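Chemist: With the input below, show me the fold.
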Amino acid sequence: MQKVQLRALYAAFAIPALNCLPLSADVLWQDFSATYLNGSNYRVDGPKKQVLTLEHVATTSWGDSFLFFDHMRADYRRRTNYAEWSPRFSFGKLSGKALQFGIVKDVLFTSTIEMSSARTNFLYGIATDLTVPGFNYLKMNFYRRNNDGVADNWQLTTTWAVPVSLGQQQFLLDGFIDWSSASAQQNASFNATSQLKWALHPVLGLQNKLYLGVEYVYWRNKYGIADSPQFRTHESNINLLVKAHF
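Modeler: Numbers count the residues shown, from 1 in each chain. As a prediction, this is how the structure comes out:
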């Protein structure tokens, strides 16, 4: 019964938003990138892992979209794939009225589909885009998680990007924080992931962006699995990365 009610609530938000979409939805800006990560000290998936990530992000006449695909290779030859698609519908763009107040730049209906071979989860909720000096962007998304196979729960996701200059060199510090609430079958989990990237394209005279850097990942109760002396699910690791934009 709960799943039926949640899908009905999703439809109550999503269908009106979709009905408001213009007949010709325009892509105002888009970017495609590929990232290679290599790290160790993994506990749940580890101990070593390589990841190839393909990303597409777009700003549209109805909101924005973020899509990524991960292909992961563990050191014991295990191969796994994971993907997420996060379309968000701007109430300001769809209504034609600016929803700016204070540091709030826009209010959106946010959604995410998490896809793996094991399960597919649907997330939906409300988001705010904030205008903060020094940030390229700062976004907060509050979701209800409609989980596949386990009890539903809540999630708060914050994403950001801050440009940094050191002399003539340019850097980008960006990342996200995911907090998921506890449920009958999962512990509350916390994931803080950040990347510090050195911009190589100005140094090499390239037109397309190219970055070299590190990614730091901190997990508590990874995937909602309780940390214990028998099975450690708190993780802290650093990955080397190369990221190219096309």
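Chemist: low pLDDT regions in the chain?
Modeler: Low-confidence segments of the chain (pLDDT under 70): 1-24, 76.
Chemist: ok, now with 90
Modeler: Counting by pLDDT under 90, the chain has low-confidence residues at 1-25, 40-48, 74-78, 97-100, 117-118, 184-185.
Chemist: All the strands of it, residue numbers only.
Modeler: 27-39, 49-60, 63-74, 79-90, 104-116, 120-130, 137-146, 153-166, 169-180, 189-199, 210-220, 235-245 (DSSP state E).
Chemist: any chance of those strands in a markdown table, plus mean neighbour count and distance to Gly96?
Modeler: Placement of C-beta: from N, CA and C, glycine included. Formatted as a markdown table, the strands of the chain follow (neighbours: other Cβ atoms under 10 Å; distance: least, Cβ to Cβ, whole Å):
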| stretch | mean neighbour count | distance to Gly96 |
| --- | --- | --- |
| strand 27-39 | 14 | 15 |
| strand 49-60 | 16 | 15 |
| strand 63-74 | 17 | 13 |
| strand 79-90 | 17 | 11 |
| strand 104-116 | 18 | 13 |
| strand 120-130 | 19 | 17 |
| strand 137-146 | 19 | 22 |
| strand 153-166 | 15 | 26 |
| strand 169-180 | 16 | 30 |
| strand 189-199 | 18 | 36 |
| strand 210-220 | 18 | 37 |
| strand 235-245 | 17 | 32 |
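Chemist: just so I know, which of those strands lies nearest Asp227?
Modeler: Between Asp227 and these, the tightest spacing by Cβ to Cβ is seen for strand 210-220, at 7.2 Å.
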